[in-house]
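Asks: here are the coordinates; sequence isn't available:
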């Protein structure tokens with residue numbers, strides 16, 4: 001049976017970004033630059049590449065810069081036109097032509113599950129995607145397209161899974177899984193939010209991409225607060241995984257390139273990795289980075305590196 005195609009994407013962006021204070025005191029964390037674009041633009045571009053051109057952002061207070069970024073800036077465009085700066089003009093206009101972007105406020109910060117529930121009036125009774133802004137997926141690895149294919153085949157909901165070291169599983173939602181006849185697809189039988197690594201059902205972490213059956217809204221409306229006193233999306237998916245009414249939950253095991261901007265160190269690593277591969281900046285940046293690393297390396301480490309390279 002052919003399933004409904006996915007057309008709508010929900011991007012929760014109401015978080016306070018406290019890990020990045022004071023940089024996020026007046027600037028939404030989603031607008032922090034990753035090389036030459038705000039992090040959020042990478043996420044919106046990913047949705048559009050997968051054919052999700054109806055995008056709802058679930059925002060909160062002090063998020064007006066998000067709306068401004070994905071709107072036209074007539075004064076800036078006119079100034080660039082007068083200068084004949086066609087390259088920068090194209091870049092400025094690009095962010096305002098990415099699908100049909102809508103906004104809704106999450107009045108109370110009650111968790112990711114509550115943020116998703118705020119999307120119910122816009123989504124209606126159809127499956128939809130959720131993309132979290134802390135996870136950037138490389139354009140060369142079309143994860144959302146693969147998840148959509150899995151939804152077409154099995155229906156229900158689909159989560160993105162990534163195997164992580166056992167000691168790190170407590171940082172994520174964790175899935176108990178069973179294999180299917182397809183190598184990168186598993187059946188999810190249970191989910192636990194940030195489990196104790198000693199009792200975690202697997203090393204499969206739920207990363208920030210979901211395709212959700214609209215039945216998730218009925219679960220979220222009656223769901224009690226979970227870990228951290230918040231409405232956890234993981235808890236709602238756990239109920240769907242054990243339900244027969246809203247379809248199964250499957251996982252796509254992702255082995256591609258994922259860039260984490262969730263904390264300061266991961267954010268810096270993301271900037272370096274993407275800058276090193278940037279079409280315009282990458283070659284010069286890599287050359288500078290090599291020189292910087294070698295110049296700043298202690299003599300003992302440099303001798304050890306030379307020995308390894310010679311061997």
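Replies: Perfect, I can see it now. None of the values given here were measured: they were computed from a predicted structure.

Asks: tell me the contacts of the nearest residue to residue 100 once chain neighbours are set aside?
Replies: Excluding the flanking residues, the one nearest residue 100 by C-beta to C-beta, 6 or more residues apart in numbering is residue 54, at 5.3 Å. Using the backbone N, CA and C atoms, a C-beta is placed for each residue, glycine as well. Under the criterion of C-beta atoms under 8 Å, 6 or more residues apart in numbering, the neighbours of residue 54 are 7-9, 99-100, 102.

Asks: What about these, which are in strands?
Replies: Using DSSP state E, the members of the contacts of residue 54 that fall within strands are 8-9, 100, 102.

Asks: which one among the residues you listed gets closest to residue 278?
Replies: When the ones in strands among the contacts of residue 54 are compared for distance to residue 278 (C-beta to C-beta), residue 9 wins out at 25.4 Å.

Asks: related to what we said a few turns ago, which of the ones in strands among the contacts of residue 54 count as buried?
Replies: The neighbour count (16 or more other C-beta atoms under 10 Å) marks 8-9 as buried among the ones in strands among the contacts of residue 54.

Asks: Same list (the ones in strands among the contacts of residue 54) but as TSV, adding pLDDT.
Replies: What follows is the ones in strands among the contacts of residue 54, written out as TSV (pLDDT from 0 to 100):
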residue	pLDDT
8	95
9	96
100	90
102	94
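
Asks: With distance to residue 84 as extra columns, can I get the contacts of residue 54 in JSON lines?
Replies: Output for the contacts of residue 54, formatted as JSON lines (distance: C-beta to C-beta, whole Å):
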{"residue": "7", "distance to residue 84": "38"}
{"residue": "8", "distance to residue 84": "39"}
{"residue": "9", "distance to residue 84": "36"}
{"residue": "99", "distance to residue 84": "29"}
{"residue": "100", "distance to residue 84": "31"}
{"residue": "102", "distance to residue 84": "34"}
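
Asks: Pick the one among those residues closest to residue 272.
Replies: When those are compared against residue 272 (criterion: C-beta to C-beta), the nearest one is residue 9, at 28.0 Å.

Asks: Let me see the contact set for the closest one.
Replies: If you count contacts by C-beta under 8 Å, 6+ apart, residue 9 has them with 47, 52, 54-56, 128-131.
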